[in-house]
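K.L.:
Any chance you could fold what I've pasted below:
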Amino acid sequence: MFERLLPKLRVETVFDIDLESLYAKGYRGIITDLDNTLVGAKVPSATPELIAWFTKVKESGFKLVIVSNNKLERVSAFAGPHNIEFVHKARKPSNAPFHRAMKMMGLSPEQTIVVGDQMLTDVLGGNRLGLYTVLVQPIALHEEGIGTRFNRRVERLALSRLKRKGLW
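P.N.:
Next up is the predicted model:
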């Protein structure tokens, strides 16, 4: 049951993702979460390091879409200055926002990577559709809302079970 929460890859940050290797394997698009994946939940805009990563992603040949459960105001204010397409109020792990993002990029599940900090939203949603899932460490746990804090408790339970089975 908890195996659906296992990412294909675990890294500290988005900067640790080997874009060249994934491109060589046929991946062409990245669906990324926003809050606690790219920046802390209370950080309004991209850091200079993140802006450089956006450039690297595009120069590496990838398309990029932000898929966030957050509101339009938050996501558009973040993505707009960088000309990044986005899906807001996504209701992850629902399939619909992932399908919408793939359609925006013109890509299939076999060509798409999902990057996020939550097993219950990003990883589960991506795995259900056969996407390549990457779990990053959350940037600022202290900035999370009540819903995310609840998810983190469920994730801890799942992790303990996965560790007992030798899967983590």
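
K.L.:
Now do the buried residues in the helix or strand of the chain with the lowest mean pLDDT.
P.N.:
When each helix and strand of the chain is scored by mean pLDDT, DSSP states H and E, helix 146-164 comes last, with a mean of 77. Within helix 146-164, the residues scored as buried using 16 or more other Cβ atoms under 10 Å are 148, 151-152, 155, 158, 162. C-beta coordinates here come from the backbone N, C-alpha and C atoms, glycine included.

K.L.:
Save these as TSV, and put in distance to Tyr132 too.
P.N.:
Formatted as TSV, the buried residues of helix 146-164 follow (distance: Cβ to Cβ, whole Å):
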residue	distance to Tyr132
Thr148	23
Asn151	22
Arg152	23
Glu155	20
Ala158	20
Leu162	19
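
K.L.:
ok, Gln64 touching Val57?
P.N.:
Small correction: residue 64 is Leu, not Gln. Yes - using Cβ atoms under 8 Å, Leu64 is in contact with Val57, at 5.4 Å.

K.L.:
can you list residues touching both of these two?
P.N.:
Here Leu64 and Val57 share the contacting residues Ile30, scored by Cβ atoms under 8 Å, 6 or more residues apart in numbering.
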